[in-house]
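A.B. asks: Quick check, what structure comes out for this input:
(one chain, ligands or ions: 2)
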Amino acid sequence: VPPVVAIVGRPNVGKSTLVNRIIGRRQAVVEDVSGVTRDRVFYDAEWNGKPFTVADTGGWEYGVKGLDAKVADQAERAVDVADAVVFVVDATVGITATDEAIVTMLRKARKPIILAANKVDGQSQEADAAGLWGLGFGYPYPVSGLHGRGAADLLDSLVDEL
Ligand code: GDP
Ligand code: MG
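C.D. replies: Numbers count the residues shown, from 1 in each chain. Ligands and ions are numbered 1, 2, ... in the order given. Coordinates of the predicted model:
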């Protein structure tokens, strides 16, 4: 059974886009309006000759009471079944209260965590990514799920953890 990598983060940070980048297909559901991603979806992936399973997460509704808790709860369930975690943050927005709820949960998780500073489409967002060092999850990998920038470095580190 290949190891499982959970892609977690609040709605709209670009999880499904990054999943599509990782699996090399357009399969994970990406929408401008959040809340459409199915509850959890597993995809086969491979990098540097190492097969693994990617778990996309999402599916929470916008505007519901207790969104932060719901997001963190679903992320926790994904982390529970995972061998490694990619925590996706929108570097151009920074850390929101919803992100914080996930951060609190991840600090208790005994799994390798790779921090993806997403939406770093170019050099001008590199400083935003560096600002995420303070989260305490190590190097914030600057990445653009949309354009592929930085994805190879992130995947190299990820499969090293598997
Ligand atoms: P999810 O809710 O976390 O799964 O986020 P999605 O993958 O559905 O993406 C949410 C929105 O962010 C979509 O409009 C994407 O096109 C956009 N997006 C995702 N990744 C990037 C990126 O690297 N750069 C930019 N500029 N936009 C992105
Ligand atoms: Mg999604």
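A.B. asks: C-alpha from now on. contacts and neighbour counts both.
C.D. replies: Noted.
A.B. asks: what about the worst-scoring helix or strand of the chain on mean pLDDT, distance to the chain center?
C.D. replies: Ranked by mean pLDDT, DSSP states H and E, the weakest helix or strand in the chain is helix 67-80, scoring a mean of 84. From the chain centre to the centre of helix 67-80 is a distance of 13 Å (C-alpha atoms, centre = their mean, to the nearest Å).
A.B. asks: Give me the next element, helix or strand, following it.
C.D. replies: Per DSSP states H and E, helix 67-80 leads on to strand 84-90 as the next helix or strand towards the C-terminus.
A.B. asks: Can you list the buried residues in stretch 140-153?
C.D. replies: The neighbour-count check on stretch 140-153 (16 or more other C-alpha atoms under 10 Å) flags 140-146, 148-151 as buried.
A.B. asks: and if you look at stretch 10-27?
C.D. replies: So, applying 16+ other C-alpha under 10 Å, buried residues of stretch 10-27: 10-23.
A.B. asks: so of these, which ones are in strands?
C.D. replies: Per DSSP state E, strands hold no members of these.
A.B. asks: CSV for the residues you listed, including pLDDT?
C.D. replies: Formatted as CSV, those follow (pLDDT from 0 to 100):
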residue, pLDDT
10, 91
11, 88
12, 91
13, 95
14, 95
15, 94
16, 90
17, 94
18, 96
19, 94
20, 92
21, 95
22, 95
23, 92
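A.B. asks: Alright, that wraps it up for me.
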